[in-house]
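Enquirer: Return a 3D structure for these sequence lines:
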Amino acid sequence: MKKFVITKRKNGEFQFNLIAGNNQVILVSEGYTTRANCEKGIESVKRNSQDSSKFNRMIASNGKPYFNLKATNGQIIGTSQMYESETSRDNGMESVRTNALKAITVDEIPLK
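Expert: Numbering: from 1, shown residues only. Got it, this is the predicted structure:
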């Protein structure tokens, strides 16, 4: 099942992960100070992932490829895992494009 999973970091910030149908995390968000902003980030991923110019192909200092997804304002919405090849990274970008639109949102923050 494709889903955005909202969690809370130890520092109190909210974040989401986009998880593909095979249960692999394909995008991790930046931290958000409020749940509402985190939910807006999810909507931004859905919109911006459909525009290939919003994906920035990157190479980490260890030589592994990864990508960032940016919003219209240039801010990073999410970052991928590190990949073993540029082809795998590009497949990951396509996975975000195809999974984001139909993904449900799941809140995994425990109730107090």
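Enquirer: Low-confidence bits of the protein, can you list those?
Expert: Along the chain, the model assigns pLDDT under 70 to residues 111-112.
Enquirer: where's residue 60 relative to residue 31, distance?
Expert: Residue 60 sits 20 Å away from residue 31, going by C-beta to C-beta, to the nearest Å. In this view, the C-beta of every residue, glycine as well, is placed from N, C-alpha and C.
Enquirer: So between those two, which is more surrounded?
Expert: Legend: neighbour count by other C-beta atoms under 10 Å for residue 60 and residue 31, higher for residue 31 (14 against 10).
Enquirer: Which residue, neighbours along the chain excluded, lies closest to that one?
Expert: In space, and not counting its chain neighbours, residue 31 is closest to residue 13: 3.4 Å by C-beta to C-beta, 6 or more residues apart in numbering.
Enquirer: Go ahead and name everything in contact with stretch 93-107.
Expert: Stretch 93-107 is contacted from outside by 1-6, 16, 18-21, 26-27, 39, 42, 45-46, 49-50, 52, 55, 57, 67, 69, 78, 80, using C-beta atoms under 8 Å, 6 or more residues apart in numbering.
Enquirer: What are the phi and psi values at the most centrally placed residue in the chain?
Expert: Centrality entry for the chain: nearest residue to the mean C-alpha point is residue 27, 2.9 Å, by C-alpha atoms, centre = their mean. Here is the backbone geometry of residue 27 (degrees, to the nearest 10): phi -160, psi 140.
Enquirer: Show me where the chain has its helices.
Expert: Per DSSP state H, the chain carries helices over the ranges 35-48, 86-100.
Enquirer: would you list those helices in a markdown table and tack on distance to residue 109 and mean neighbour count?
Expert: Converted to a markdown table, those look like this (distance: least, C-beta to C-beta, whole Å; neighbours: other C-beta atoms under 10 Å):
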| stretch | distance to residue 109 | mean neighbour count |
| --- | --- | --- |
| helix 35-48 | 8 | 17 |
| helix 86-100 | 21 | 18 |
